[in-house]
Structure formats: C-alpha cells, structure tokens
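# Structure, please.
(4 chains)
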There are 2 protein chains.
Amino acid sequence: MSTAEETAGGEAQPWGEVTPDAARRLLLAAVEAFAERGYHATTTRDIAGRAGMSPAALYIHYKTKEELLHRISRIGHEKAVEILRTAARAEGGPAERLADAVSSFVRWHAGGRTTARVVQYELDSLGPDARAEILALRRQVDAEVRGIIEEGVRSGDFDVVDVQGTTVAVLSLCIDVARWFNVDGPRTPEEVGALYADLVLRMVGARAAGAAQR
Amino acid sequence: MSTAEETAGGEAQPWGEVTPDAARRLLLAAVEAFAERGYHATTTRDIAGRAGMSPAALYIHYKTKEELLHRISRIGHEKAVEILRTAARAEGGPAERLADAVSSFVRWHAGGRTTARVVQYELDSLGPDARAEILALRRQVDAEVRGIIEEGVRSGDFDVVDVQGTTVAVLSLCIDVARWFNVDGPRTPEEVGALYADLVLRMVGARAAGAAQR
DNA sequence: GGCAAGGGTGAGCGGGCGCTTAGTGCGCCC
DNA sequence: GGGCGCACTAAGCGCCCGCTCACCCTTGCC
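Below is the predicted model:
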C-alpha cells in the first residue's frame, strides 16, 4: 500500500522512500546524529547504536558514512524544491504565492529542524561530485523563489530594485530558521511562518503589505 | 610601533590583542582552518602546519584545541557586540541607526567571512561552560538590535507588530551572510550591506523606507 | 531436510587523532 | 661568559576512528 502523504510542516515520515526497513532506521539515526553534533563529530558507531544495530550493519546498506550524508542531503533538497515549486505553481497573485512559499518553507525548516540542519549546513562535508549534484538542486530552489518575485515585479505587485539580491535575502531568512529555531521555544513553526511571510511581503514592497496583519 | 586600526569592513588584524606573536599566528591559522573545514574536521597538526610550526607548539600557548575555538569565539562575539553598540549609540533617528547597524554588521560578516563563520556556526562545538559564556554575549547582540527597533516603534518611526520576532529575523538575515557570501562573487560587502539595510528598513515599516533608493 | 541467499554480528585492522614528554637551541641577565 | 628560562621540536603514547572479514542465524524454495 502506498504511504499516504503526511500533513504539512512536520517530518512525520518523509523517508518512506528508503526501502529496506533497516536502511531507513539507519538513515533516520544519521539525520538525528548529524543534526545534533555535525557530520564530522558523529561516529559510525553512534549511528549504528541509535538504530539498535552493530557498527558493521551500517556497511551492508551504505558503502561509506559519506553516502549516508549524500542520501540525506539529496532527499532533503528534493523535498525543499518540491515545497517551493508547489507554492510557486499554485493559484493566486504573486503576493499570495510568495507568502505561501515562505511560510511553508519556514515551517519545514522549523518543524523538521533536524533534517533541515543537515541539509543546509553539512553541504561542505560532501565530496566534490556529490556536492555538485546538490548545488544543482540549490539552483532550482533559488529559481523558484526568483520566479515569483520577477512575476510580481512585472505585474506591478512588487517594488524590488535588486531581484537576485532580494531572492537571496528571502531564502537566507528562511534557511537561517534551521540554525536558531528551538522546539521548546515560545513560538510554533506556524507562527514563525506567518511572521516571516509578512516580513517578506514588506521586503518586496508588496502593495498593501502587512495590511492583513494590522 | 603600534598597529594602526584598520579600515572598516575588512579583517586586516582584529587579533592585535592576542599578545605573543606565535600565539596570534596559531589563532589566525585556526580561524582559517575552522572556517574552511569546521572545528571537528580540523586537526591540530593542520593548524600548527599553517602557522609554520610543529604540532607540539600549539600546546605551549593553548591548553587544548577547544581553547582555541573558545578564544576565537569570544573575541569574535565581542567584536560583533561592539559593532552593533557603536551603531546603536550613534546620533540620528532610529531608521538611520538601524540601517547603520545592519550595514556594518553585514559588512563584518561578508568581509571577515572566515571569522564570522567560526563565530556563528561552531558554537555547538564548545563545552557547556564556554558555550554559556558565549550565549551571554549573544543576548547582548540581540538586545542592541531590539533596542533600536523598540525605540523606533515608540517614536512612531517604525511599524512593527512583533518586536522580538522581527529582531530575530533582522539578525538572522545578517548572520546568514556568513554562510552564502563568496568573496569571488558578484557583490562587494558594501553592496550587500546597503541592500540589506534597505530591506530591513522595509521590514520594520520605516516611514519613507527605501525612498532614498528609488 | 538440504541448501543458497542475504541481513546481521564480534572481533579487529591500519591509521590518524589529541596531546605529552624529553631534549634542544637561543637570548638575556648578572 | 656561564647559567637559567623559555619557545620550540622530534618522537611517540594511547585511544578511537572508518571500515573489513570470517562467521552465524533466519527465511524460502525444491
């Protein structure tokens, strides 16, 4: 039976596609460990231990420790592209779609903070080939957001001087959520998403920006 | 001869206070190495090698590898606080001071990217005590920016619903510059600083925000 | 029941890690 | 100008890393 799509924001089981059950448990354990201590500070013994297996079991499903990071990074980036693409292709005006894109992207970074941390901050630990593959996905992420902003400028909904610079700033704002967000903190992912969507609309000078908030 | 204060933005020699010359060279080497590969992926042999010394030389000036990170982190954070405090206490209205704070903070993150990277992203590699000390400095950073925004709201210059949330977002934007900025890229630290100052003024709904840009 | 396949384990290899120690060269003070 | 102190080095200790290998269970098919 096909695993049903989970509700937005959380990271219920985005790893359903990783097929042997033991391989998925190992991957999940690696995500946790990498997010907590970083790739280099994590040992293969720690990963295997979290998955309830012996150190050697890891090498039945993955060639190296780096392959684990590579897989996590690719799946995570694909999810990020999917989130932004869905928002970009939705119905509604540029402002509506940009707000939607930002709030879901932020919710993903806050709610699935462990995954997002690995995805966004452990890129440099990959080898050159894997790194290049991931960078291509990043360019897609950038293009989706830039597309919405360009459209808003063309239609006159947005007032932006430097489209590329503003695109970088918008993504930057969302991505950094993975660094500071704390699950035990005072804000829910949804609240941060809503706040950030409003702030971004202001950044692009959307007509009537923030009007709905006041 | 006293080392003259360097011009703003760069990181010519902010480590003048580190006194034995060899200790400073080691620290500088550590900053480079940590920024490039991360704390855990950097070996003491690498640090000593970059400083042109034998591995053992490191332990004459520093007790452990972690002490190097601790020192770098503290000096870096003190510099960050100083930059923001200077901007916050300057003359002029809230908008002017906020723009000044953001642009100099961004210039520091972009120009001194190696230092800023270590300062912002290697915090978790510190032990609990050192970490707590650094977190106190971070609270000061937050307080300086929040102070300017609060003042702007009181005076009616800014229109902000969620002061703390907006403060986090503003700092977030600046800090993330250390992650993506590329010295060989198309923008200078000054250009990014100016762009970000404008974007932040829009975020806080400053009266006539961006008017000077158009 | 016999047997092949494959997920899993215990033990351990080679190597590089953080850090130490014994010794060396050199400048400075009396 | 002899001795002391200190910055520094060569060598290496003990440890733990990523990863491997020989072997062991369980499962499914004839």
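# Show me what counts as buried in the longest helix along chain A.
Assignment by DSSP state H gives helix A:128-155 as the longest helix of chain A. Within helix A:128-155, the residues that qualify as buried are A:130, A:134, A:137-138, A:141-142, A:144-153, counting by 16 or more other C-beta atoms under 10 Å in any protein chain shown. For glycine as for every other residue, the C-beta is placed from the backbone atoms N, C-alpha and C.
# Kindly report the same for stretch A:22-36.
Buried residues in stretch A:22-36 (16+ other C-beta under 10 Å): A:23-35.
# Among those, which ones lie close to chain B?
Applying C-beta under 8 Å from any C-beta of the partner chain, the subset of the buried residues of stretch A:22-36 adjacent to chain B is empty.
# Show residues contacting stretch A:189-204.
A:9, A:95, A:98-100, A:102-104, A:106-107, A:110-111, A:149, A:152, A:158-160, A:166, A:169-170, A:173-174, A:177, A:181, A:209-210, A:213, B:161-162, B:165-166, B:169, B:199, B:202-203, B:205 (C-beta atoms under 8 Å, 6 or more residues apart in numbering or on different chains).
# And those, which of them are buried?
Members of the contacts of stretch A:189-204 classed as buried by 16+ other C-beta under 10 Å are A:9, A:95, A:98-100, A:102-104, A:106-107, A:110-111, A:149, A:152, A:158-160, A:166, A:169-170, A:173-174, A:177, A:181, A:209-210, B:162, B:165-166, B:169, B:199, B:202-203, B:205.
# Now go through the residues you listed and say which are in helices.
A:95, A:98-100, A:102-104, A:106-107, A:110-111, A:149, A:152, A:166, A:169-170, A:173-174, A:177, B:165-166, B:169, B:199, B:202-203.
# Among the residues you listed, which ones lie close to DNA strand D?
Contacts with DNA strand D are made by none of these, judged by C-beta under 7 Å from any atom of the strand.
# Next, format the buried residues of stretch A:22-36 as CSV and append pLDDT, secondary structure and distance to residue B:70.
Converted to CSV, the buried residues of stretch A:22-36 look like this (pLDDT from 0 to 100; DSSP: H, G, I helix; E, B strand; the rest coil; distance: C-beta to C-beta, whole Å):
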residue, pLDDT, secondary structure, distance to residue B:70
A:23, 90, helix, 39
A:24, 92, helix, 38
A:25, 92, helix, 36
A:26, 94, helix, 34
A:27, 95, helix, 34
A:28, 94, helix, 33
A:29, 95, helix, 30
A:30, 96, helix, 28
A:31, 96, helix, 29
A:32, 95, helix, 26
A:33, 96, helix, 24
A:34, 96, helix, 23
A:35, 95, helix, 23
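# Quick one: name the residues of chain A near chain B.
A:37-38, A:40-41, A:120-121, A:124-125, A:159, A:161-162, A:165-166, A:168-169, A:172-173, A:175-177, A:179-180, A:187, A:192, A:195-196, A:198-199, A:202-203, A:205, A:210, A:213-214.
# neighbours around the nearest residue to residue A:138 once chain neighbours are set aside, how many?
Nearest residue to residue A:138, sequence neighbours excluded (C-beta to C-beta, 6 or more residues apart in numbering or on different chains): residue A:77, at 6.8 Å. Per other C-beta atoms under 10 Å in any protein chain shown, the neighbour tally for residue A:77 reads 21.
# Lovely, talk soon.
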